[in-house]
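*Asks:* Just a sequence and a predicted model for now, questions to come.
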Amino acid sequence: MIKLQNKKTLYFKLCVYFSVLISLMCILSIGIIYFWSYYYFDNIFEDKVIEMHTSVSNQDLNIKDEWILGVTAHSIDLVEAIHANDIADEIYEKAKKQLVETKLYREKIANKYLMYMIDIDYKNGEKVYKYSVIRDIYREIFPKILICFLISIMIIFIISIYIIKLICRRLTSDINQISVYANKIAHKDWNEAIDINTNDEDILSLVNSFDSMRKKLVKRDKIQQSMLRYVSHELKTPIMIISSYTQAAKENIYPNGNLNSTLDTVLKQTCRIKRKVQDLLLIASLEEKQDELNFSKIDLVTIINTVMKNFKAIKDSNTNLNVKLDIHNSLNILGDKDQIKVAFENIIENQLRYAKNSIIIRSVITNNNINILFYNDGEKIDIKNSDYIFKPFGKGPNGKNGLGMSICRKIFKLHKGNITLIPTSKGCMFKVELPK
């Protein structure tokens with residue numbers, strides 16, 4: 001019911017607006033034609049026709065009877081012969097009452113519109129009248145012109161209503177389809193793309209915008225669903241351990257043998273939850289981090305050495321692990337030091353976690369980029385699974401999921417760089433690219 005009301009409202013408004021606009025344009029055209037031509041023709045009749053034949057008193061009043069669009073004569077009888085007795089009598093009466101030498105009259109006499117001028121002069125002490133009479137054809141035919149204009153307006157109005165109706169029908173049809181589609185999107189029914197056959201570029205642009213919005217919403221919804229699965233999977237186990245260990249400790253039962261060992265386990269699981277929550281907050285904040293990054297000149301070598309020292313305990317716990325650094329003495333870039341450090345911490349932690357005996361970190365400098373290669377001799381990763389590795393909350397073929405590498409990619413993207421998986425015959429290698 002709401003859609004129908006909107007359609008009628010749009011149709012009604014367009015009809016009113018266009019009809020009023022067309023009517024005003026026609027009325028304005030009539031007004032311009034009438035008033036402009038009325039005064040313009042008035043000057044023509046007065047100045048160009050009548051006064052032209054009164055110059056130099058018609059050469060010392062030797063007046064000749066002439067016709068130029070009318071009659072100019074010194075004899076009222078000639079006026080009577082052309083315009084009938086009633087008109088001649090009326091003009092003659094006006095001449096006798098006229099007190100000025102020249103006067104222009106514009107009157108309707110005997111159902112005829114006339115414009116005439118009476119000139120008074122003297123010859124041998126007697127008054128001599130000259131009559132210049134012309135039919136005011138403009139005023140006679142204007143009502144017919146007006147009627148024709150009104151009929152034309154009505155015809156144009158009817159045609160415009162029909163055209164507007166066709167336009168509105170097509171326009172509102174497309175808009176109603178878009179409205180239905182938007183309503184589906186609002187209720188998460190966004191599996192199908194909108195399909196509207198139209199040549200209107202504005203409608204097509206709107207359709208493309210809605211479809212782009214649909215794809216982004218689908219993508220965001222999948223991320224949210226993945227996040228929920230990730231949270232439930234990653235936090236369920238440590239929460240269960242904390243709950244069971246705490247309940248056991250309250251009953252003076254210590255699963256690890258004594259209170260301190262039991263509390264150490266609880267504390268370890270708490271730290272695990274803390275790290276997961278920090279990762280979640282970080283991945284969310286990176287979506288809108290572009291304007292908040294604090295760029296400055298930083299040395300990647302310093303950051304890598306600092307991270308390696310922080311993970312020294314993990315490295316030393318694996319006595320068979322050999323770490324080789326083959327990097328330049330200085331690798332300077334412009335970037336946010338804290339974010340870059342987080343990214344390298346995630347990469348190096350992954351290397352230490354999955355390596356068997358060897359980790360190699362190398363740097364390669366090209367004309368525009370600084371490339372850092374991270375290799376470990378752990379399990380080989382199929383290049384086909386690279387999308388899962390860098391996808392937030394994505395679960396790989398081995399059933400594991402995480403945020404570490406997706407965080408790295410987002411940080412490097414914010415620095416106009418990237419991280420990719422490099423195919424290898426054995427082991428695993430990642431390449432980090434950052435602009436100089």
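*Replies:* Received the coordinates, thanks. Residues are numbered from 1 along each chain as shown.

*Asks:* Now do the strands in the chain.
*Replies:* 70-73, 102-109, 112-123, 126-135, 295-299, 322-326, 332-336, 358-365, 369-376, 418-422, 428-435 (DSSP state E).

*Asks:* between these, which gets nearest to Ser23?
*Replies:* Closest to Ser23 of the strands of the chain, according to CB to CB: strand 112-123, at 28.4 Å. In short, each C-beta sits where N, CA and C put it, glycine included.

*Asks:* which of the strands of the chain is buried the deepest?
*Replies:* Most buried of the strands of the chain, by mean neighbour count (mean count of other CB atoms under 10 Å): strand 70-73, with a mean of 23.

*Asks:* quick check: mean pLDDT across that strand?
*Replies:* Averaging pLDDT along strand 70-73 gives 66.

*Asks:* Check stretch 100-109 too.
*Replies:* On average, stretch 100-109 scores 87.

*Asks:* Report the distance from that stretch to the chain centre.
*Replies:* Once both centres are worked out by CA atoms, centre = their mean, to the nearest Å, stretch 100-109 turns out to sit 66 Å from its chain's centre.

*Asks:* can you check stretch 363-379 too?
*Replies:* The answer for stretch 363-379 is 43 Å, by CA atoms, centre = their mean.

*Asks:* That one spans what distance, first to last residue?
*Replies:* Length of stretch 363-379, first residue to last, CA to CA, to the nearest Å: 23 Å.

*Asks:* average pLDDT for that stretch?
*Replies:* For stretch 363-379, mean pLDDT rounds to 90.

*Asks:* go on, stretch 331-347?
*Replies:* pLDDT averaged over stretch 331-347 gives 88.

*Asks:* cool, and stretch 192-204?
*Replies:* The pLDDT scores in stretch 192-204 average 71.

*Asks:* Now it: buried residues?
*Replies:* Applying a neighbour-count criterion of 16 or more other CB atoms under 10 Å, one finds 194, 196, 203 buried in stretch 192-204.

*Asks:* what's the closest non-adjacent residue to the last one?
*Replies:* With sequence-adjacent residues excluded and distances taken as CB to CB, 6 or more residues apart in numbering, Ile203 is closest to Asp174, at 4.9 Å.

*Asks:* State the distance from Asp264 to Ile422.
*Replies:* Asp264 sits 40 Å away from Ile422, going by CB to CB, to the nearest Å.

*Asks:* Could you report the neighbour count for the residue nearest to Pro435 when sequence neighbours are not counted?
*Replies:* Spatial nearest neighbour of Pro435, excluding adjacent residues (CB to CB, 6+ apart): Lys416 at 5.5 Å. Per other CB atoms under 10 Å, the neighbour tally for Lys416 reads 13.

*Asks:* Then Ala248?
*Replies:* There are 14 residues near Ala248, going by other CB under 10 Å.

*Asks:* Any chance of a markdown table for the strands of the chain, columns distance to Gln225?
*Replies:* Putting the strands of the chain into a markdown table (distance: least, CB to CB, whole Å) gives the following:
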| stretch | distance to Gln225 |
| --- | --- |
| strand 70-73 | 94 |
| strand 102-109 | 88 |
| strand 112-123 | 86 |
| strand 126-135 | 90 |
| strand 295-299 | 34 |
| strand 322-326 | 38 |
| strand 332-336 | 30 |
| strand 358-365 | 35 |
| strand 369-376 | 31 |
| strand 418-422 | 25 |
| strand 428-435 | 27 |
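
*Asks:* of all those strands, which lies closest to Lys410?
*Replies:* Across these, the minimum distance to Lys410, taken as CB to CB, is reached by strand 418-422, at 9.8 Å.

*Asks:* who touches the closest one?
*Replies:* 343, 347, 373, 381, 383, 386, 389-390, 405, 408-409, 412, 428-433 (CB atoms under 8 Å, 6 or more residues apart in numbering).

*Asks:* Tell me the strands beside that strand, with direction?
*Replies:* Strand pairing for strand 418-422, using DSSP bridges, gives strand 428-435 (antiparallel).

*Asks:* quick one on the thing from earlier: just give me the closest of the buried residues of stretch 192-204 to Met154.
*Replies:* Nearest member of the buried residues of stretch 192-204 to Met154, counting by CB to CB, is Ile203, at 32.4 Å.

*Asks:* can you tell me which residues contact that closest one?
*Replies:* With contacts defined as CB under 8 Å, 6+ apart, the neighbours of Ile203 are 171, 174-175, 178, 196.

*Asks:* Glu107 contacts Leu114, correct?
*Replies:* Yes - at 6.2 Å, Glu107 and Leu114 qualify as touching, with contact defined as CB atoms under 8 Å.

*Asks:* From Glu433, how far off is Gln339?
*Replies:* Counting by CB to CB, the gap from Gln339 to Glu433 is 16 Å.
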